[in-house]
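**Student:** Provided below for reference: sequence and predicted model.
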Amino acid sequence: MNKYNVIIPALMLMICAGCKKSQPGNQNNNVVPPPPPPVVNNQHISVLTQHNDNTRAGLNSKETVLTTSNVNAKQFGFLFNLSVDDQVYAQPLVVGNLPINNGKHNVVFVASVNNTVYAFDGDNGTLYWHKNFTATGMRPPAPSDMNSSWCTPYTDFTSSMGIVGTPVIDSAAQKMYFVARSTDGTTFVQYLHAINLLTGSDVAGSPVKLGGTVKGTGDGSSNGVLNFDPKRNNQRQGLVLVNGVVYVSFSSHCDLNPYHGWILGYNAVSLQQQTVYADTPDGENGGLWESGMGIAADAQGNLYVVSGNGTVGTAVSYTEAGNGTAESTASPNPTDPTNRGESALKLTPAGNTLQISSYFTPSNYLDLNINDLDYGVMGTLLIPNSNYYLTGAKDGNIYLLNKDNMGGFSYSTNQVVQTIPLGASMHCQPAYYNGGSSEFVYIWAENDQLRQLSFSRANGGFASNQILGGGGPTFPGADLSVSSNGTLSGTGILWAAYPGNGGSNLAPGILAAYDATNVTKQLWNSTQTVGDGVGYYAKFSSPTVADGHVYLATFTNTVVVYGLK
């Protein structure tokens, strides 16, 4: 061999060893570190909307890795953090097997209150892209923007108030929809965005500025017209996508009047507005928020919501008390459908609005209004494959309704399927599990015990006996989700996220796992092992369980990822 054939390759290796390869950048031109070694995952389940699907049952019944045998302090715990730029109120969403970054990956989408959306690899934490959606020249709203006579300082939020409601994803179209809020301190705007999942870029027609009007003489109206107010209306519920329409609902910022419960609907392809609805057009209030759970919907496109304090039936004069509650007299006609505060509603699309197909208003609605005991505070769910709709009020009553014939209003009795008095305030998110021979609903209200309610289709309601789990979290209670491998024994797990102490704002968070067939059996919790800690609890954000991982939002500017070690 010629000696130069040896020397030249050696010199080339030495020269190349001294070269620095340029690193790829993200869309903000920041250097992205090399990704960790690939993680093989045989599961590719998606969670595309708040609480898994439009029933809001919170059940992933296709989890094949996590079981009651391996979720324990020895085998299960913290894996890694997904770091973001602010607090996370929205539930993380997952798209399995998404074709991104020259391969197919399970991708977790996280939205922060700074109006920033992130796409992370769900198995190893690689950041694929992130983008901020604050309107040009503006900033996200802050709590100081929402001061009112009974809410100063406004402490329901501790940071920015950009993206708050959980987005919704159309995996077939590879789009995500969400609402980003912005202000310059004087003007407030809210925009519905539709973005490409692969790049984070707005699709054609996006964003669209939210707004709308209805005929009405209610609080804040002018000349018989009620206008949507982008400052006062709080986009708290998760969005819903059903039959080609994206619906967005609104409540208030600490009862900052005037406000109403609004629902706006937009064509999922064109983003043209199709629906404008207000639940108290001739009255006031009636906010739609349900502790952050999304609007429930059925396959026919009917929407199911529960409204908070507000006008019921024919409008009467209201005087606001110092704590934001309504001092009022009974409506002369509580059955008038025009105004439906303190009510469960089945809403059917009708032209460019929604029509009340059925409703239920508790007979003590006046007491609920006067004492700030909103009906619409607990998250609601449609029990899968049934006609039952589960709802709950701040006064501690659980109401099981027939979703097609809810019971209307009666002064003397509540004409519902079942009433279950729990006696605890329910700022919480319930969940459901089908174990084959047994079905359960779980509720964990503030300062109460975890409750496992047995549901019987044959008897058409809940059994009188309840299984009681651990002691109660403080305000607001717990946000619940369930995972299982179908109805296979030993796979049903109830996941609970709740504040450890001191209430919900900047309180240490706890994630706990329970046997879904018997919640007296705690399998694991995040305080058992050093390094498994949650950080600050994220109010009203349920755990997302998918592909052998649990993704938990926090107020410590992270999503914490747990799984088998």
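**Tutor:** Now that the structure is in, tell me what you want to look at.
**Student:** Mind pulling the model confidence for T134?
**Tutor:** Note on T134: pLDDT of 98.
**Student:** and it, that's in a helix?
**Tutor:** No. Per DSSP: H, G, I helix; E, B strand; the rest coil, T134 lies outside any helix segment and is coil.
**Student:** give the contact list for it.
**Tutor:** N114, N115, P140, G162, A180, S182 (Cβ atoms under 8 Å, 6 or more residues apart in numbering). For every residue, glycine as well, the C-beta is placed using N, CA and C.
**Student:** okay, now A172: neighbour count?
**Tutor:** Neighbourhood size, A172 [other Cβ atoms under 10 Å]: 6.
**Student:** Sketch out the strands for the stretch 451-565 of the chain, chain order is fine.
**Tutor:** 451-456, 461-468, 479-483, 493-499, 509-515, 522-525, 544-546, 549-553, 558-564 (DSSP state E, counting those that start in this stretch).
**Student:** Confidence-wise, which of those is weakest overall?
**Tutor:** Out of these, strand 461-468 stands lowest, with a mean of 94 (criterion: mean pLDDT).
**Student:** deepest of the strands of the stretch 451-565 of the chain, which one?
**Tutor:** Mean neighbour count, computed with mean count of other Cβ atoms under 10 Å, is highest for strand 479-483 among these, reaching a mean of 29.
**Student:** ok, and what's touching that one?
**Tutor:** With contacts defined as Cβ under 8 Å, 6+ apart, strand 479-483 is touched by 51-52, 57-61, 63, 66, 291-292, 428-433, 442-444, 491-498, 516, 540-545.
**Student:** Determine how far it lies from the middle of the whole chain.
**Tutor:** Strand 479-483 sits 12 Å away from the centroid of its parent chain (Cα atoms, centre = their mean, to the nearest Å).
**Student:** That strand vs strand 549-553, what angle?
**Tutor:** With axes from the mean of the first three to the mean of the last three Cα atoms, to 10 degrees applied, the angle from strand 479-483 to strand 549-553 works out at 170 degrees.
**Student:** Could you export strand 479-483 as CSV, CA atoms only?
**Tutor:** This file holds the C-alpha atoms of strand 479-483, laid out as CSV (Å, rounded to 0.1, in the frame of the first residue of the first chain):
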residue,chain,number,x,y,z
ASP,A,479,-58.8,16.2,39.6
LEU,A,480,-59.3,12.6,38.7
SER,A,481,-58.5,10.3,35.7
VAL,A,482,-58.6,6.5,35.2
SER,A,483,-56.5,4.1,33.2
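**Student:** Just the angle for that strand relative to strand 493-499, thanks.
**Tutor:** Using the same axes, to 10 degrees, strand 479-483 lies at 160 degrees relative to strand 493-499.
**Student:** hmm, back to that, give me the buried subset of the contacts of strand 479-483.
**Tutor:** 51-52, 57-61, 63, 66, 291-292, 428-433, 442-444, 491-498, 516, 540-545 (16 or more other Cβ atoms under 10 Å).
**Student:** Name the helix or strand of the protein that has the lowest mean pLDDT.
**Tutor:** Ranked by mean pLDDT, DSSP states H and E, the weakest helix or strand in the chain is helix 4-17, scoring a mean of 38.
**Student:** Which parts of the stretch 51-200 of the chain are strands?
**Tutor:** For the stretch 51-200 of the chain, the strands defined by DSSP E, counting those that start in this stretch cover 59-60, 76-83, 93-99, 104-111, 116-121, 127-132, 168-170, 175-183, 188-196.
**Student:** With the stretch 301-450 of the chain instead?
**Tutor:** Under DSSP E, counting those that start in this stretch, the stretch 301-450 of the chain gives strands at 303-306, 319-320, 326-327, 344-350, 353-360, 381-382, 388-392, 397-402, 418-421, 431-434, 439-443.
**Student:** nearest to T558, of those?
**Tutor:** Of all these, it is strand 431-434 that lies closest to T558, at 23.4 Å by Cβ to Cβ.
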